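S.K.: starting from these lines, generate the structure:
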Amino acid sequence: MKVTAIGADISINDVSCSKSLINNIEKDIPKLLEVGAYRAALTNITGDDVVISAFVEDGLLECVNQEIVNILKDNAEDIGDLGGIAEDIASAGEGISYGEAKIRQDRYPDAIILAYDTYGGEGFVEDVANSAINAAIGMDCLTDISETLGNKHKKIPGVGYVSNETDDPIVVASVENIEAIGPISSAMIGASLGNKNVYLVERGTPCNITPGSVIVSATAFMNGNIIDLAVPFENRTRILR
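M.R.: Numbers count the residues shown, from 1 in each chain. So this is what the prediction gives:
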């Protein structure tokens, strides 16, 4: 089994996602269960980007990914990142973001999903996402994590290619048990925030930041349930006086 996540900017503006866009996507999430997903949800809403994630058996990955893109297309206020998808590398442009991770068959499917949004395609966001990945690698109870980003085109199973201009990355990590969510997500969030001009936001927060900055949302996706990790992370990191 795998956890798959696809993100895209399909909002009509560059700052936020409308309530109607969010509601319409959530209404279509059951379509993913109809094509074989074990669980699915609109996991991250980060500035003007949305991320749809699903737990899926390996053999159904391409079918579920294709249906995620169909849902994004059906509800898009603007073609946005969807326009960058192509059947071959040469035609690919700036497109949707993708991450996946393996899940152990004998465990409940639990995952951590970080989604980044840039206002102007800030180039350092790739380093920010990679720092989160590197922070989690080697930690106890981490099953798998999405591959590090590089200056390369990406093939998305069941969907096609996107170019190296894709600028709002997703990091997906699968964990062994519920107790591992806290330490692994904290390491990933902390590594992200250690970079310059990076801000943690709650799910659904508009991108009200000075251009030249990056925002990140963090979600625990546990057996189909969503927890916005920004809230407990903020509470746990307050300095007691």
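S.K.: make it CA atoms for all contacts and neighbour counts henceforth
M.R.: Will do.
S.K.: got any ranges where the protein has weak pLDDT?
M.R.: 240-241 (pLDDT under 70).
S.K.: mind exporting the biggest helix by length in it as PDB, just the C-alpha atoms?
M.R.: In terms of residue count, the longest helix belonging to the chain (DSSP state H) is helix 61-75. C-alpha atoms of helix 61-75 as PDB (Å, rounded to 0.1, in the frame of the first residue of the first chain):
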ATOM      1  CA  LEU A  61      -2.000   3.900  -7.700                       C
ATOM      2  CA  GLU A  62      -2.200   5.000 -11.400                       C
ATOM      3  CA  CYS A  63      -6.000   4.900 -11.400                       C
ATOM      4  CA  VAL A  64      -6.400   6.800  -8.200                       C
ATOM      5  CA  ASN A  65      -3.800   9.400  -9.300                       C
ATOM      6  CA  GLN A  66      -5.700   9.900 -12.500                       C
ATOM      7  CA  GLU A  67      -8.900  10.400 -10.600                       C
ATOM      8  CA  ILE A  68      -7.300  12.900  -8.300                       C
ATOM      9  CA  VAL A  69      -6.300  15.000 -11.300                       C
ATOM     10  CA  ASN A  70      -9.800  14.600 -12.700                       C
ATOM     11  CA  ILE A  71     -11.300  16.100  -9.500                       C
ATOM     12  CA  LEU A  72      -8.800  19.000  -9.700                       C
ATOM     13  CA  LYS A  73      -9.700  19.600 -13.300                       C
ATOM     14  CA  ASP A  74     -13.500  19.400 -12.700                       C
ATOM     15  CA  ASN A  75     -13.300  22.000  -9.800                       C
END
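S.K.: how about that helix: buried residues?
M.R.: Using 16 or more other C-alpha atoms under 10 Å as the test for burial, helix 61-75 gives 61-73, 75.
S.K.: now these in CSV, with distance to residue 225?
M.R.: Listed next are the buried residues of helix 61-75 as CSV, based on distance: C-alpha to C-alpha, whole Å:
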residue, distance to residue 225
61, 20
62, 23
63, 22
64, 18
65, 19
66, 22
67, 20
68, 18
69, 21
70, 22
71, 20
72, 21
73, 24
75, 22
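S.K.: sorry, back to before: neighbouring strands - and their directions - for the next helix or strand after the longest helix of the chain?
M.R.: Per DSSP states H and E, the first helix or strand lying C-terminal to helix 61-75 is strand 97-102. The strands that strand 97-102 pairs with in its sheet are strand 2-9 (antiparallel) (by DSSP bridges).
S.K.: out of the buried residues of helix 61-75, who's nearest residue 213?
M.R.: residue 72 (25.8 Å; C-alpha to C-alpha).
S.K.: need the contact list for that closest one.
M.R.: 8, 10, 25 (C-alpha atoms under 8 Å, 6 or more residues apart in numbering).
S.K.: try it again with 6 Å
M.R.: Contact partners of residue 72, counting by C-alpha atoms under 6 Å, 6 or more residues apart in numbering, are absent.
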